[in-house]
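J.: For reference, the sequence and a predicted model appear below.
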Amino acid sequence: MKPSDAPGTPVTDAVCSDQVKLGVDSPDAGIPESLAVAAEALMVMTRSRAEAGTDQSEYQDERWRRIKVHQDEDLWIQQMKKVLKGDVSDRPRNQVKKIAKGFDPFVLDSREVLYTLSTSTSERPHKNQSERRLVVPETLRADMLHYSHEDFQGGHQGINRTFERLRSEFYWIGMYANVQKFVRECVDCASAKGRPPVLCPSPGNIEPIYPFEVVSMDFVTELPESDRGNTYLLLFQDQFSGYVMWKPMRKTEAQNVAEGY
């Protein structure tokens with residue numbers, strides 16, 4: 001379930017500037033399941049998940065409290081929250097517009113956690129008119145990149161799929177560039193698929209200058225079985241002189257080839 005699909009979560013918008021909106025959720029609204037899982041990945045837990053006897057709602061409150069703490073330590077998010085709260089008396093109007101210019105509307109929930117509202121488009125259709133995405137502070141982006149790409153649910157997808165998975169529920173400026181860098185530097189992905197980052201030139205044809213400097217090898221297979229049970233013929237050819245040697249073989253395994261040579 002995405003954040004916007006949570007039932008009973010009304011968002012009331014009030015214009016704070018030409019492009020910024022303020023919304024407050026119902027205090028009784030539950031945490032969407034997918035967002036709750038992501039929130040757990042967002043935090044760097046310094047203790048066990050929950051102490052014995054701790055109520056589940058208290059644990060959820062603690063998770064959101066930590067997310068808010070990280071958001072409040074981010075300078076850009078601090079400025080955006082001040083604009084949403086109307087605390088812009090010490091800022092000129094043109095600076096307020098500059099903060100919000102070019103971005104989707106932003107909202108604060110009842111916990112003062114910052115979200116962005118993504119408008120439905122033909123390229124990104126939503127069931128509802130708008131979709132909430134959690135604004136991720138800079139200190140937690142590395143955790144989110146790991147969660148979306150290297151976690152067992154991520155499956156080491158490519159750049160575009162990892163980006164789309166993140167963008168569906170989260171937001172930060174420069175997300176695509178961060179995903180691109182993270183995926184390209186993933187050791188598992190680099191060693192398992194794709195072309196090498198540095199392409200070396202082909203050595204071309206190797207021309208020997210003395211006998212047995214370069215020797216080629218090949219097999220002749222599916223021959224009639226000999227009296228000694230051989231069905232293969234191992235061939236060696238000296239590329240300098242063209243001299244050919246051969247040896248009857250029963251098997252073509254590496255150990256047998258080494259012994260035949």
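T.: Structure received.

J.: Break down the protein into its strands, ranges please.
T.: Here the chain has its strands, by DSSP state E, at 14-15, 21-22, 106-108, 114-119, 130-135, 170-171, 215-220, 232-238, 244-249.

J.: Let me have those in JSON lines, adding mean neighbour count, distance to Pro92 and mean pLDDT as columns.
T.: The C-beta positions use only the backbone N, C-alpha and C, and glycine is treated the same way. As requested, these are exported to JSON lines (neighbours: other Cβ atoms under 10 Å; distance: least, Cβ to Cβ, whole Å; pLDDT from 0 to 100):
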{"stretch": "strand 14-15", "mean neighbour count": "11", "distance to Pro92": "18", "mean pLDDT": "37"}
{"stretch": "strand 21-22", "mean neighbour count": "20", "distance to Pro92": "20", "mean pLDDT": "44"}
{"stretch": "strand 106-108", "mean neighbour count": "22", "distance to Pro92": "20", "mean pLDDT": "85"}
{"stretch": "strand 114-119", "mean neighbour count": "19", "distance to Pro92": "22", "mean pLDDT": "81"}
{"stretch": "strand 130-135", "mean neighbour count": "22", "distance to Pro92": "24", "mean pLDDT": "83"}
{"stretch": "strand 170-171", "mean neighbour count": "22", "distance to Pro92": "26", "mean pLDDT": "90"}
{"stretch": "strand 215-220", "mean neighbour count": "12", "distance to Pro92": "78", "mean pLDDT": "90"}
{"stretch": "strand 232-238", "mean neighbour count": "17", "distance to Pro92": "83", "mean pLDDT": "91"}
{"stretch": "strand 244-249", "mean neighbour count": "14", "distance to Pro92": "87", "mean pLDDT": "90"}
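
J.: Using JSON lines, lay out those strands together with distance to Lys82.
T.: Shown next, in JSON lines, are the strands of the chain (distance: least, Cβ to Cβ, whole Å):
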{"stretch": "strand 14-15", "distance to Lys82": "15"}
{"stretch": "strand 21-22", "distance to Lys82": "11"}
{"stretch": "strand 106-108", "distance to Lys82": "11"}
{"stretch": "strand 114-119", "distance to Lys82": "11"}
{"stretch": "strand 130-135", "distance to Lys82": "14"}
{"stretch": "strand 170-171", "distance to Lys82": "18"}
{"stretch": "strand 215-220", "distance to Lys82": "75"}
{"stretch": "strand 232-238", "distance to Lys82": "80"}
{"stretch": "strand 244-249", "distance to Lys82": "81"}
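
J.: How many neighbouring residues does Asn160 have?
T.: For Asn160, the count of nearby residues is 12 (other Cβ atoms under 10 Å).

J.: follow-up on the earlier one: of all the strands of the chain, which one is nearest Tyr147?
T.: Proximity to Tyr147 (Cβ to Cβ) singles out strand 170-171 among the strands of the chain, at 9.7 Å.

J.: still on that earlier bit, wait, which of the strands of the chain is closest to Val69?
T.: strand 114-119 (12.6 Å).

J.: quick one: the closest one to strand 130-135, angle?
T.: 150 degrees (axes from the mean of the first three to the mean of the last three Cα atoms, to 10 degrees).

J.: Neighbouring strands - and their directions - for strand 114-119?
T.: strand 106-108 (antiparallel), strand 130-135 (antiparallel) (DSSP bridges).

J.: got the CA positions of that strand in PDB?
T.: The C-alpha coordinates for strand 114-119 follow below in PDB (Å, rounded to 0.1, in the frame of the first residue of the first chain):
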ATOM      1  CA  LEU A 114       7.600  16.500   5.600                       C
ATOM      2  CA  TYR A 115       6.100  14.900   2.500                       C
ATOM      3  CA  THR A 116       5.700  16.000  -1.100                       C
ATOM      4  CA  LEU A 117       2.500  15.600  -3.100                       C
ATOM      5  CA  SER A 118       3.100  14.300  -6.600                       C
ATOM      6  CA  THR A 119       0.500  15.300  -9.200                       C
END
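
J.: Count residues in the vicinity of Pro211, would you?
T.: 12.
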